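> The following block contains a protein sequence and its predicted model.
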Protein chains: 2
Amino acid sequence: MLITALAGGVGGARFLRGLRDALDADPALAQSDLTIVANTGDDITLFGLRVSPDVDTLLYTLGGGIDEAQGWGRADDSRIVQGELAAYGVGPQWFGLGDRDFGTHIARSYWLGEGLQPTAITERLATRWGLPGQRITLLPMTDAPVETHVVVEREDGPQAIHFQQWWVEDRTRTPAQRFVVAGLDRAAAAPGVLDAIREADLVILPPSNPVVSIGIILGVPGVRDALRGTTAPVVGVSPLIGGRPVRGHADACLSAIGVESSAAGVASLYADFLDGWLIDPADAVPGPPGLRVETYDRELLMGERAGAARLARAALDLGLALRND
Amino acid sequence: MLITALAGGVGGARFLRGLRDALDADPALAQSDLTIVANTGDDITLFGLRVSPDVDTLLYTLGGGIDEAQGWGRADDSRIVQGELAAYGVGPQWFGLGDRDFGTHIARSYWLGEGLQPTAITERLATRWGLPGQRITLLPMTDAPVETHVVVEREDGPQAIHFQQWWVEDRTRTPAQRFVVAGLDRAAAAPGVLDAIREADLVILPPSNPVVSIGIILGVPGVRDALRGTTAPVVGVSPLIGGRPVRGHADACLSAIGVESSAAGVASLYADFLDGWLIDPADAVPGPPGLRVETYDRELLMGERAGAARLARAALDLGLALRND
């Protein structure tokens, strides 16, 4: 079976590690291939190096190198390089990069300088992290440089800042007026992305941020059409519990685009292609016709990694049920 | 008094730290300014980052950050970043860079990307290392990208390799046929370099490599003319003891250009501008007319830093004597 998922960073990565665990635990599904299309709108050039936060979080989480407590960055990392950069007055300091993490950014930047595309670079990085051996293919959503900017109100009027600055430095305290994704309208989907959606047996949307993670991927020309056209069921997992994000600031992002912070609100963003919607019991509302809504037992979430596997299994079961309908 | 020195890496840096110590220890000379013109022919792009080995060794040595035992690189450094690069298969691994050192290369590369010239970048780096407070100005010999390559014999014929590869990976075991300095003939001296030589009260050539350090600086258009034209005495310190280099591979470099590995051989490279020549007693030969040759007491060299200060004091005394002639 070919399963294709769209994903952002921490939440998506943890869910997809759980999905791989769930597949591996089921003899009938262990040989399934998992293709992940990663958001690259978070990408940012820091200290002259190209950083791809969602891709790296996926690599480190799936490859066993993640800082588990933090959810991003490398385990057992130090901050020597960034301390030196601070001593030289080279900023910004609001984005914390560990030394092991710097290795990834230097490698990516080096390969970009050699003329490699992000797809080929991600493949090289994924090889080091053992993803092919797990039957996982990680694809950036596009090879084009795309950056999500956030329009916020400043004293001297509206100003567009990089998404990372709003997310990490500002911690979304300044309300977003809107999101502007530079380069997205002209970005082609990376090689393999559209086929992975069209040819999938099941498409899964993990509980990633529906606006600035999955929403950005949906903006890549052709992706939404591929989701509408695929014969595979498309199953989403709501990122909200009782209308609040489990992690991150999905509510702040939803309000910026005028969508209610609720499972129904999120589902409305996917209305033209979503077949199944897995939500928390607290958010249970009847779905529109043609959308199968199921609730999961919140006890599934007990225990970080095992909980993710159980939640992913529930999404798999919903998808398999839809395939048999 | 304005003292201008040309310098390479480890040997030059240690000597010049001794010179600054000697100046500071003499109330009549403590207010002297020291301008150092650094060789940048060793510069190399590694992992997509611009590394300037001689400039960095001078910065770290004069700024108190050097790995004293090794002579180059940062004290108390680790190798996390390069370990990651190796895991990704990004080479080369023969050039060892520590994590603190990476901070310098990332800062330099970032500023180069911002459009700053090496002179301005070196000034920023030097500020962090406290050189202005020591009355030291560090200048790269040129802002142009210049790289020393070494022609060596390979199985399939002569091949030009980067100087660093010959020096660090090959350890000069393969005889050099000649040196080719890419870009040197079209390189302009960096702002301030020629004036620092012309307007100096004393010019000092530390015991740096006469071929691949000082020799490269001498190849920058205008530098040799400035040395010939300056009214300041030019005093050199031989890098050889008994015809052998104290450190490094000056002998391998001299033989490549067909010059005898002796104090007299080195002096012949500076013949058109050298006024004073400080050598080891073992190398004592009468100098040509017009060159004042003095020997130093080898006991001066006892103790790393204090020895360098005593040797530098001897060079200073020779220079002051020439000024009074």
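Yep, it's here.
> Is the residue of the stretch 151-300 of chain A found nearest chain B bridged to anything, and to what?
Closest approach of the stretch 151-300 of chain A to chain B (C-beta to the nearest C-beta) occurs at A:His162, with a separation of 16.5 Å. Using the backbone N, CA and C atoms, a C-beta is placed for each residue, glycine as well. With DSSP bridges applied, A:His162 shows beta-bridge pairing to A:His149.
> Would you check that it makes contact with A:Val152?
No: the pair A:His162 and A:Val152 fails to qualify as a contact (C-beta atoms under 8 Å) at a distance of 11.1 Å.
> Spatially nearest residue to A:Arg14 (excluding sequence neighbours)?
A:Ala308 (5.1 Å; C-beta to C-beta, 6 or more residues apart in numbering or on different chains).
> so what's the closest residue to chain B within the stretch 101-250 of chain A up against?
Proximity of the stretch 101-250 of chain A to chain B (C-beta to the nearest C-beta) peaks at A:Gly103, 2.4 Å away. Residues near A:Gly103 by C-beta atoms under 8 Å, 6 or more residues apart in numbering or on different chains: B:80-85, B:87-88.
> Apply 10 Å and report the result again.
A:Gly103 makes contact with A:74, A:77, A:81, B:47, B:80-88, B:90, B:99, B:102, according to C-beta atoms under 10 Å, 6 or more residues apart in numbering or on different chains.
> burial count for A:Ala160?
The burial metric for A:Ala160, expressed as a neighbour count using other C-beta atoms under 10 Å in any protein chain shown, is 15.
> Helix, strand or coil: sort out it for me.
Following DSSP: H, G, I helix; E, B strand; the rest coil, A:Ala160 is assigned to strand.
> From A:Trp167, how far off is the residue lying closest to it once chain neighbours are set aside?
Leaving aside its chain neighbours, A:Ala160 sits nearest to A:His149 (4.3 Å; criterion: C-beta to C-beta, 6+ apart). Computed with C-beta to C-beta, to the nearest Å, the distance linking A:His149 and A:Trp167 is 11 Å.
> list the residues that contact both of those two?
If you check A:His149 and A:Trp167 against C-beta under 10 Å, 6+ apart, the residues they both contact are A:161, A:176.
> The two: which is more packed in?
More neighbours surround A:Trp167 than the other of A:His149 and A:Trp167, with 23 against 20 (other C-beta under 10 Å).
> ranges for the helices of chain A?
A:10-24, A:53-63, A:80-87, A:99-113, A:118-128, A:163-164, A:193-198, A:214-218, A:223-229, A:250-256, A:263-269, A:304-324 (DSSP state H).
> which ones are touching A:Asp24?
Under the criterion of C-beta under 10 Å, 6+ apart, the contact partners of A:Asp24 comprise A:30-32, A:134-135, A:309.
> Listing partners with orientation, what would you give for the helix or strand bottoming out on mean pLDDT in chain A?
When each helix and strand of chain A is scored by mean pLDDT, DSSP states H and E, strand A:244-245 comes last, with a mean of 84. When pairing is defined by DSSP bridges, strand A:244-245 lines up against strand A:240-241 (antiparallel).
> Need the residues that contact the partner strand.
Outside strand A:240-241, the residues that touch it by C-beta under 10 Å, 6+ apart are A:207, A:210, A:246, A:250-251, A:254, A:261-266, A:279-283, A:298, A:301.
> and with 7 Å instead?
Outside strand A:240-241, the residues within contact range by C-beta atoms under 7 Å, 6 or more residues apart in numbering or on different chains are A:250, A:261-263, A:266, A:280, A:282-283.
> Might you list the low-confidence residue ranges for the stretch 101-250 of chain A?
Judged by pLDDT under 70, the stretch 101-250 of chain A has no weakly predicted residues.
> count of residues packed around A:Leu34?
Other residues near A:Leu34 number 23, with proximity taken as other C-beta under 10 Å.
> For it, give me its contacts.
Under the criterion of C-beta under 7 Å, 6+ apart, the contact list for A:Leu34 reads A:3, A:5, A:19-20, A:135-136.
> need those in JSON lines with distance to chain B and neighbour count, can you?
Rendered in JSON lines, the data for these read as follows (distance: C-beta to the nearest C-beta, whole Å; neighbours: other C-beta atoms under 10 Å in any protein chain shown):
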{"residue": "A:Ile3", "distance to chain B": "27", "neighbour count": "28"}
{"residue": "A:Ala5", "distance to chain B": "25", "neighbour count": "27"}
{"residue": "A:Leu19", "distance to chain B": "26", "neighbour count": "26"}
{"residue": "A:Arg20", "distance to chain B": "22", "neighbour count": "23"}
{"residue": "A:Arg135", "distance to chain B": "22", "neighbour count": "17"}
{"residue": "A:Ile136", "distance to chain B": "18", "neighbour count": "23"}
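> wait, which of those is closest to A:Arg228?
Top of the list for closeness to A:Arg228, among the contacts of A:Leu34 and by C-beta to C-beta, is A:Ala5 at 17.2 Å.
> Can you read off the pLDDT for that closest one?
A:Ala5 carries a pLDDT value of 98.
> who does it bridge with?
For A:Ala5, the residues forming beta bridges with it (DSSP bridges) are A:Ile36, A:Ile204.
> close enough to count as contact, it and A:Ser208?
No: here A:Ala5 does not reach A:Ser208: they are 9.1 Å apart, not a contact under C-beta atoms under 7 Å.
> Which positions in stretch A:212-231 come out as buried?
Of the residues in stretch A:212-231, A:212-220, A:223-224, A:226-227, A:230 count as buried by neighbour count, 16 or more other C-beta atoms under 10 Å in any protein chain shown.
> Just the closest residue of the stretch 201-325 of chain A to chain B, please.
The minimum distance from the stretch 201-325 of chain A to chain B, using C-beta to the nearest C-beta, falls at A:Arg305 (23.7 Å).
> Please report the number of neighbouring residues for that residue.
Other residues within reach of A:Arg305, judged by other C-beta under 10 Å, total 13.
> can you tell me which residues contact it?
Remark: with contacts taken as C-beta under 7 Å, 6+ apart, A:Arg305 is in contact with A:17-18, A:21.
> Up against chain B, what does the stretch 51-200 of chain A have?
Residues of the stretch 51-200 of chain A lying close to chain B by C-beta under 7 Å from any C-beta of the partner chain are A:78, A:80-81, A:84-85, A:87-88, A:90, A:99-100, A:102-104, A:106-107, A:109-110, A:113, A:124-125, A:128.
> do that again at 6 Å, thanks
With the criterion set to C-beta under 6 Å from any C-beta of the partner chain, the stretch 51-200 of chain A comes near chain B through A:80-81, A:84-85, A:87-88, A:90, A:99-100, A:102-103, A:106-107, A:109-110, A:113, A:128.
> Pull the contacting residues for A:Val180.
For A:Val180, the contacting residues are A:149, A:160, taking C-beta atoms under 6 Å, 6 or more residues apart in numbering or on different chains as the criterion.
> Show me the beta-bridge partners of it.
Bridge pairing for A:Val180 (DSSP bridges) gives the partners A:His149.
> just A:Ile241 next, same as before
According to DSSP bridges, the partner residues bridging A:Ile241 are A:Arg244.
> How many residues are close by it?
Burial measure for A:Ile241: 17 neighbouring residues, criterion other C-beta under 10 Å.
> That one and A:Glu294, how far apart?
In this structure, A:Ile241 and A:Glu294 are separated by 15 Å, where distance is defined by C-beta to C-beta.
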